[in-house]
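Visitor: Got a predicted model here, sequence first, then my questions.
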Amino acid sequence: MRNLFMWIVALAAMSFLLASSITHAAERPNVVLIMVDDMGWSDLGCYGGEIHTPNIDRLASEGLRFTQFYNTAKCETTRAALMSGLYHPEVGVAKLANCMTVAEVMKRAGYFTMMAGKWHLDKQPTDRGFDRYFGHLSGSTPYFLGNDTFRLNGEKFDVPKEGFYTTTADTDYALKFLDEASTKKQPFFLYIAYNAPHYPLQAPEAEVRKYVGKYMDGWDALRAARYKRQLDMGLIPAKWALSPPHPEAKKWDTLSDDEKKHEDLKMATFAAMVDVVDQNVGRLVKKLEAMGVADDTLLLFLSDNGACPFDRTKHGDLMPWDPQSYWCYHPAWANACNTPFRWFKQNQHEGGISTPLIAHWPKGLTAKPGSLTDQPGHLVDIMATLIDVAGTDYPAEFNGETLKPLRGISLLPILKGQHRDGHDMIFFQFSNNRAVRAGQWKLVSARGGPWELYDMDADRTELHDLSSQQPERVAALSAAWEAWAEETGASKGGKSKKNKNAASSK
């Protein structure tokens, strides 16, 4: 009789645990991670821009915006950190060595994993944990023509000769994957890495014409207007002065009328590309709503790095809606897109590493809708956050390999409106651009130039270099960066030297 009683108790306990497990699994949110490419900190309406982005702005008004979230300032390195939860040098950047990808972690946790868009890492997404994939493996692609790296679930995909636009196609396949996800009894993880608005600047003619003429006042006027909106929105404090124009930016008034129209068309095309991204985000949100899962989906939207200053224009005689065109813009427009910060993609000053990050999750977000957080975070935190919301863990070994411990710290407390115990230090490096942030202090060097020291509380636009006033702090932070570089294998970028560009950009 006693044995029968114990058996009944054991059975009840097992049933309770199973029920609890099923309930927990059902409560786990879906996750949609959207990353755009080469979009500046101020390009979205909800970050002070004039570009029409109502769908993304809606996510911000219903969700949470981060004002001090960081990337690695470069496409490939950002993807390595995002996918691994580690600093890019320690995984061999594109190799993603000695780590699991976020897709592998989510798949191990029982999620159906999908990706659309730009990969820019070794192998293919379907080799690294994604059940479904559409997009291009290359670092960029012509938008109307595509290239020979497009793949669909591991197989070569032939881009149609007509009626194709990469941003829209990425969303088309993401929606198809979501249709499949809706038939499965498991949560899903969808990662969309739009190539836009990375060069070449190309967009449908009707979308470009919506913006033609809107940038005829020039880049300085655009920076001033965006800066004012950022102040009015409370996005930045007035104590952060607008950085001066980049020294490579010409004076708008020195351009001829034809040159002004040409420059206006460049920026109009860039704006159209961002607008099309927003339209496609709207399609995704509408799909989630139609599936009945929008409220229980954690949606994260960010950019991989700051605006791009590389003018590699060719075939500039063709209109930017011509599939053979290849337009780019230059530092003057990139400087405006990164308002109010200095420098650009590749550099580890704020203009290169500052990412607009929006979190939207109606059922799980308890921070006040539409609120801002100035708690610093980094791309490596995304993996830790998704592990947290998925109720899973990160193993010590995977596929017979010992894994490096994660660098990230979950953002979930911030999403819950709480204070997070963040990073003691955050490290940055690309080529000979490097930085370390410790609390309110940031040590940074551009293009192998000397270390500069800034107080991020008082001067996040990095206008007042305090390195000569605080040599002991410079020595301590630079030693910490050197130790990190030694540990991770980061390139030290040569010895510091006097750099005229670094000095003149203040």
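Guide: Structure received. Predicted model, so just to flag it, every value in this text is computed and none were measured.

Visitor: Quick check: chain neighbours aside, which residue is closest to the residue nearest the centre of the chain?
Guide: The centroid of the chain falls nearest to residue 303 when counting by CA atoms, centre = their mean (2.9 Å). Counting by CB to CB, 6 or more residues apart in numbering, residue 303 lies nearest to residue 39, which is 4.2 Å off, once chain neighbours are set aside. (Glycine included, C-beta is placed from N, CA and C.)

Visitor: what do you get for residue 147?
Guide: The spatial neighbour of residue 147 that comes closest, neighbours along the chain excluded (CB to CB, 6+ apart), is residue 141 at 4.9 Å.

Visitor: Just list whatever residues bridge to the residue nearest to the centre of the chain.
Guide: Using DSSP bridges, the beta-bridge partners of residue 303 come out as residue 36.

Visitor: Scan the protein for its longest helix.
Guide: When the chain is parsed with DSSP state H, its longest helix is helix 257-291.

Visitor: Off-centre distance for it?
Guide: Computed by CA atoms, centre = their mean, to the nearest Å, the chain-centroid distance of helix 257-291 equals 17 Å.

Visitor: cool, stretch 408-415 as well?
Guide: On CA atoms, centre = their mean, the centre of stretch 408-415 falls 16 Å from that of its chain.

Visitor: Run through the residues that contact residue 181.
Guide: Contacts for residue 181 (CB atoms under 8 Å, 6 or more residues apart in numbering) come out as 112, 114, 188, 190.

Visitor: Let's test this: mean pLDDT of the helix or strand hosting the second one, rounded?
Guide: In this assignment (DSSP states H and E), residue 114 forms part of strand 112-118. Per-residue pLDDT over strand 112-118 has a mean of 98.

Visitor: With stretch 172-180 instead?
Guide: 98.

Visitor: do the same with stretch 127-137
Guide: On average, stretch 127-137 scores 98.

Visitor: ok, now stretch 437-444?
Guide: Mean predicted confidence for stretch 437-444 is 98.

Visitor: same deal with stretch 204-211?
Guide: Here stretch 204-211 scores 98 as its mean pLDDT.

Visitor: buried set for that stretch?
Guide: Residues of stretch 204-211 classed as buried by neighbour count (16 or more other CB atoms under 10 Å): 204, 207-208, 211.

Visitor: And for residue 433, the neighbour number?
Guide: 25 (other CB atoms under 10 Å).

Visitor: What does it show for phi and psi?
Guide: phi -110, psi 130 (degrees, to the nearest 10).

Visitor: Would you mind naming the residues that bridge with it?
Guide: With DSSP bridges as the criterion, residue 433 is bridged to residue 430.

Visitor: any idea where the helices of the stretch 1-150 of the chain begin and end?
Guide: Under the criterion DSSP state H, counting those that start in this stretch, the stretch 1-150 of the chain carries helices at the ranges 2-27, 54-62, 75-84, 102-108.

Visitor: Quickly, which of the ones you listed bottoms out on average pLDDT?
Guide: helix 2-27 - the lowest mean pLDDT of those, at a mean of 42.

Visitor: correct me, but residue 392 touches residue 104?
Guide: No - when contacts are counted by CB atoms under 8 Å, residue 392 is not listed as touching residue 104 (11.1 Å).

Visitor: The two: who's more crowded?
Guide: The residue with more neighbours, out of residue 392 and residue 104, is residue 104; 19 against 16, by other CB under 10 Å.

Visitor: who touches the more buried one in this structure?
Guide: 128-129, 398.

Visitor: Out of those residues, which is nearest to residue 312?
Guide: Residue 312 has its nearest neighbour among the contacts of residue 104 in residue 128, at 29.8 Å by CB to CB.

Visitor: Phi first, then psi, for the closest one.
Guide: phi -120, psi 40.

Visitor: Next up, phi/psi of the residue nearest to it when sequence neighbours are not counted, please.
Guide: Spatial nearest neighbour of residue 128, chain neighbours left out: residue 101 (4.5 Å); criterion: CB to CB, 6+ apart. Taking degrees, to the nearest 10, you get phi -80, psi 160 for the backbone angles of residue 101.

Visitor: thought residue 101 was touching residue 126?
Guide: No - assessed by CB under 8 Å, residue 101 is found out of contact with residue 126, at 11.3 Å.

Visitor: Which one's more surrounded, these two?
Guide: When residue 101 and residue 126 are compared for neighbours, residue 101 comes out ahead with 25 against 18, by other CB under 10 Å.

Visitor: Distance of that one relative to residue 328?
Guide: Distance of residue 101 to residue 328, given as CB to CB, to the nearest Å: 31 Å.

Visitor: Mind telling me what element residue 482 is part of?
Guide: helix 471-488.

Visitor: who does that helix touch, helix- and strand-wise?
Guide: strand 426-430, strand 433-438, strand 441-445, strand 452-455 (3 or more CB pairs under 8 Å, 6 or more residues apart in numbering; DSSP states H and E).

Visitor: can you list the ones you listed in TSV and add distance to residue 340?
Guide: TSV is the format used below for those (distance: least, CB to CB, whole Å):
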stretch	distance to residue 340
strand 426-430	19
strand 433-438	18
strand 441-445	16
strand 452-455	14
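
Visitor: Surely residue 117 touches residue 190?
Guide: No - with contact defined as CB under 8 Å, residue 117 does not reach residue 190; the gap is 10.5 Å.

Visitor: For these two, indicate the residue with more neighbours.
Guide: When neighbours are counted by other CB under 10 Å, residue 117 comes out ahead of the other of residue 117 and residue 190, with 28 against 25.

Visitor: I'd like to know how many residues surround residue 231.
Guide: Residues near residue 231, counting by other CB under 10 Å: 16.

Visitor: Just to be sure, it is in a helix?
Guide: Yes - judged by DSSP: H, G, I helix; E, B strand; the rest coil, residue 231 forms part of a helix.

Visitor: what sits against it?
Guide: Contacts of residue 231 (CB under 8 Å, 6+ apart): residue 238.

Visitor: do the same with residue 457
Guide: By CB under 8 Å, 6+ apart, the neighbours of residue 457 are residue 440.

Visitor: Could you check the pLDDT of it?
Guide: 98.

Visitor: Could you break this structure into its assigned domains?
Guide: 27-423, 424-506 (automatic domain parsing).

Visitor: mean pLDDT lowest for which of those domains?
Guide: domain 424-506 (a mean of 87).

Visitor: hey, where'd the helices end up in the stretch 301-450 of the chain?
Guide: Under the criterion DSSP H, counting those that start in this stretch, the stretch 301-450 of the chain contains helices at 331-337, 350-353, 380-390, 412-415.

Visitor: do you know which of those lies nearest residue 437?
Guide: helix 350-353 (9.2 Å).

Visitor: what sits up against the closest one?
Guide: Applying CB under 8 Å, 6+ apart, the contact partners of helix 350-353 are 40-41, 70-73, 305-307, 335, 338, 341-347, 428, 433, 435, 460-462.

Visitor: re the thing from before, please convert the contacts of residue 181 to CSV, extending it with distance to residue 91.
Guide: Listed next are these as CSV, based on distance: CB to CB, whole Å:
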residue, distance to residue 91
112, 25
114, 22
188, 25
190, 23
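
Visitor: what's the closest of the residues you listed to residue 167?
Guide: The shortest gap between residue 167 and any of those belongs to residue 190, at 15.7 Å (CB to CB).

Visitor: how much space between residue 368 and residue 107?
Guide: Distance from residue 368 to residue 107, by CB to CB: 34 Å.

Visitor: between the two, which one's more packed in?
Guide: More crowded of residue 368 and residue 107, by other CB under 10 Å: residue 107, with 19 against 9.

Visitor: Do I have it right that the more buried one meets residue 126?
Guide: No - with contact defined as CB under 8 Å, residue 107 does not reach residue 126; the gap is 11.1 Å.

Visitor: and the closest residue to residue 246 other than its chain neighbours, how many neighbours?
Guide: Spatially, and ignoring its direct neighbours in sequence, residue 246 is nearest to residue 335 (4.4 Å; CB to CB, 6+ apart). By other CB under 10 Å, 30 other residues sit near residue 335.
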